[in-house]
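*Asks:* How does the following fold in three dimensions:
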Amino acid sequence: MTQVTRREQARADTDREIRRTARELLVRDGPQAVSLRGIARELGVTAPALYRYYSSHSDLLDQVRADVCADLATELSHALPDAGARAQVLAVCRSFRRWALAHPQEFVLVFATPARESTSASFAGVFLGVVGAIMAPGAVDTPTPAQAPPEIEADLAAFLDTLGSLGMAITVGTAYAMLQFWARLYGQVALEVFGQFPFPVRDTEPVFEAMLRDLVDEFGPA
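*Replies:* As a prediction, the model looks like this:
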């Protein structure tokens, strides 16, 4: 092994340790605890030393988000049954809810914290990467393009470019249906994660299941 290779390996090992520590702080104390100073304290180094690996605090958070997204995408993929499209949509949505309730701090970082445009997080990076192929043209009844508000047509067109990078060629109407689907799914899950139901509900799962059935009936595959 050459000196350069050893140096590169040591750098990669340190980078993984930084991200592991950041993730532990996130889970233990929440997103506000993931600071360069806090990570440096846990590692026994100075905060400026971390700038050899990340250009900024935002850069580090982007990488932690990407790590969380990769793990979540793997979990959602493993949840897919060997069955029809409807069963797969139901399974992946239920898996997303279970993950969010079990990982509230990671949910907050990825889905409830502003991120830079470069971050491959939340909707495009995770949910569509798994579900988008299921909700493909011909597999789902979607609104026609005319039903999408004209004011967001430019945004939908840009969104189609993102989907194209994921290997999905869909219509504007399907993109709008996906947006509506995600907004309602996310809203329900966020209410549960943050405990923000307008009145006490002892068991929120039946509420989720009723919402999910309505969503799949309205937008999902037959």
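*Asks:* Helices along the chain, start to end?
*Replies:* Applying DSSP state H to the chain gives helices spanning 3-29, 36-43, 57-79, 85-102, 104-111, 122, 128-131, 153-165, 172-194, 205-219.
*Asks:* Of all the ones you listed, which one is nearest Y51?
*Replies:* Between Y51 and the helices of the chain, the tightest spacing by CB to CB is seen for helix 36-43, at 7.9 Å. In short, each C-beta sits where N, CA and C put it, glycine included.
*Asks:* Check the average confidence over that closest one, would you?
*Replies:* Helix 36-43 carries an average pLDDT of 93.
*Asks:* residues of it that come out buried?
*Replies:* L36, G38, I39, A40, E42, L43 (16 or more other CB atoms under 10 Å).
*Asks:* could you check the angle helix 57-79 makes with that helix?
*Replies:* 70 degrees (axes from the mean of the first three to the mean of the last three CA atoms, to 10 degrees).
*Asks:* What lies in contact with helix 36-43?
*Replies:* With CB atoms under 8 Å, 6 or more residues apart in numbering as the test, helix 36-43 has contacts from 17-18, 21-22, 24-25, 46-47, 49-51, 54, 57, 60.
*Asks:* can you do 6 Å?
*Replies:* Helix 36-43 is contacted by residues T21, A22, L25, T46, A47, L50, H57 when judged by CB atoms under 6 Å, 6 or more residues apart in numbering.
*Asks:* what's the answer for stretch 46-61, then?
*Replies:* Counting by CB under 6 Å, 6+ apart, D15, I18, L36, R37, A40 sit against stretch 46-61.
*Asks:* Could you report the neighbour count for the first one?
*Replies:* For D15, the number of neighbouring residues by other CB atoms under 10 Å comes to 14.
*Asks:* Phi, psi for the nearest residue to it once chain neighbours are set aside please.
*Replies:* Among residues not flanking D15 along the chain, Y53 sits closest, at 5.4 Å (CB to CB, 6 or more residues apart in numbering). Main-chain torsions, Y53, degrees, to the nearest 10: phi -110, psi -30.
*Asks:* before we move on, what about P81?
*Replies:* Dihedral angles for P81 - degrees, to the nearest 10 - are phi -80, psi 160.
*Asks:* ok, now S35?
*Replies:* phi -120, psi 160.
*Asks:* and the nearest residue to it once chain neighbours are set aside, how many neighbours does it have?
*Replies:* Among residues not flanking S35 along the chain, H57 sits closest, at 6.8 Å (CB to CB, 6+ apart). Residues near H57, counting by other CB under 10 Å, number 16.
*Asks:* for S56, same thing?
*Replies:* Count around S56 with other CB under 10 Å applied: 10.
*Asks:* distance of it from A47?
*Replies:* S56 sits 12 Å away from A47, going by CB to CB, to the nearest Å.
*Asks:* now do L26
*Replies:* Where A47 is concerned, L26 sits at a distance of 17 Å (CB to CB).
*Asks:* Please identify which of these two sits among more neighbours.
*Replies:* L26 (21 against 15).
*Asks:* For that one, give its distance to A158.
*Replies:* For L26 relative to A158 (CB to CB), the value is 30 Å.
*Asks:* Where does pLDDT dip in this protein?
*Replies:* Low-confidence segments of the chain, defined by pLDDT under 70: 1-4, 115-126, 129-146, 165-169, 220-222.
*Asks:* Right, I'll call it a day here.
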